[in-house]
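Enquirer: coordinates only, no sequence provided:
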């Protein structure tokens, strides 16, 4: 299976292999249109599995989450892999060796990750409501009136994921998964925290499959920050697919430190999530709804934030409207960012998000009742 790079969306048409529709907003690499995925998943999804197969095998990862009746249950995330003898889990970090569950990374002793210092204020999805980038949270969660110039965020990029997003903007994390390096223990990662570090943000990939490592790092960092009596906000940016006890612990750490948990609500429709991301979104939606209660405990600065990537032809106004209704029913003040898509990885054959789609999606989210809606990556928006 070869992939073509998008060149001219006005003249280059792709055909849905199910309904025969032609459109520049159908990814030839995916093979099918949004309508068929949602209305006719039995026929459409097998075509999308071909794209996932290419994505997974290239990095020596299982094509689908293993579900062997005699396998060992991992229990870390939505996939609930039951791993047969000699095989590994969907994320690539867990294996069944002689009847024992082995975790290659994601434990307090070893995290598969890269890290760097990100100067504040950052371009984080939550920057517009973050104590480190605004006046929100002063003086309890930040020592500065306004952006914390001179301070940095310890950005932790985890090298594995519970999803297989064909539009992944950080797809190179799979190279880390394949090599199982670089790694760092929670204790050694916290050594990177100096009095210049006022927050930690876990992303990737996704922290969902390495939550024990991120939680232990957070606990140690909070204790260390007491040495200089500074803030140490803890944040997660995630697809939200981890099992609830791990997320609940993370939420409490974010809540007590002035941090937040940013959920990437990729889709509303489960078949669409499976087609684009290789996994169900039901755990994500369930977890987000459960976390709604923490927003009431600390509405400012907001501890829970949502975002959605606007993928032309697939995640459009109708999908945003349903996601926004879901969020508004939990709490209409939860911030919601709509992000511009850039063609990359497998879905490199459809255009960037248009201004029209971004503005119409924003209006739909506000109409659904959301008060705080923002367009992110606005510099990427196209004029078509």
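Expert: All right, it came through fine. Computed from a predicted structure; not experimentally measured. Numbers count the residues shown, from 1 in each chain.
Enquirer: quick check: residue 277 touching residue 162?
Expert: No. Between residue 277 and residue 162 there is no contact under Cβ atoms under 8 Å: 9.3 Å. Backbone N, C-alpha and C define where each C-beta goes, glycine included.
Enquirer: could you tell me which residues touch both of these two?
Expert: residue 239 (Cβ atoms under 8 Å, 6 or more residues apart in numbering).
Enquirer: those two: who's more crowded?
Expert: residue 162 (28 against 24; other Cβ atoms under 10 Å).
Enquirer: quick check: phi and psi at that one.
Expert: When read as degrees, to the nearest 10, the backbone of residue 162 gives phi -90, psi -10.
Enquirer: let me know the pLDDT of the nearest residue in space to it that is not next to it in sequence.
Expert: Spatially, and ignoring its direct neighbours in sequence, residue 162 is nearest to residue 77 (4.2 Å; Cβ to Cβ, 6 or more residues apart in numbering). pLDDT for residue 77: 96.
Enquirer: wait, residue 77 touches residue 242, no?
Expert: Yes. Contact status for residue 77 versus residue 242: in contact at 5.2 Å, counting by Cβ under 8 Å.
Enquirer: which neighbours do those two have in common?
Expert: With Cβ under 8 Å, 6+ apart as the test, residue 77 and residue 242 both reach 162, 208, 209, 283.
Enquirer: list the contacts for the first one?
Expert: Yep, that's residue 162 we're talking about. Residue 162 makes contact with 76-79, 90-91, 206, 208-209, 239, 241-242, 279, according to Cβ under 8 Å, 6+ apart.
Enquirer: repeat that for the last one.
Expert: Under the criterion of Cβ under 8 Å, 6+ apart, the contact list for residue 283 reads 77, 78, 240, 241, 242, 243.
Enquirer: still on that earlier bit, go through the shared contacts of residue 77 and residue 242 and flag which are in helices.
Expert: residue 283 (DSSP state H).
Enquirer: which of the shared contacts of residue 77 and residue 242 sits closest to residue 103?
Expert: Proximity of the shared contacts of residue 77 and residue 242 to residue 103 (Cβ to Cβ) peaks at residue 209, which lies at 9.6 Å.
Enquirer: quick one: neighbours of that closest one, just the number.
Expert: Neighbours around residue 209, by other Cβ under 10 Å: 32.
Enquirer: secondary structure and distance to residue 135 added to the contacts of residue 162, as a markdown table?
Expert: A markdown table is the format used below for those (DSSP: H, G, I helix; E, B strand; the rest coil; distance: Cβ to Cβ, whole Å):
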| residue | secondary structure | distance to residue 135 |
| --- | --- | --- |
| 76 | coil | 38 |
| 77 | strand | 36 |
| 78 | coil | 37 |
| 79 | coil | 41 |
| 90 | coil | 42 |
| 91 | coil | 39 |
| 206 | coil | 30 |
| 208 | helix | 31 |
| 209 | helix | 35 |
| 239 | coil | 30 |
| 241 | coil | 33 |
| 242 | strand | 32 |
| 279 | coil | 38 |
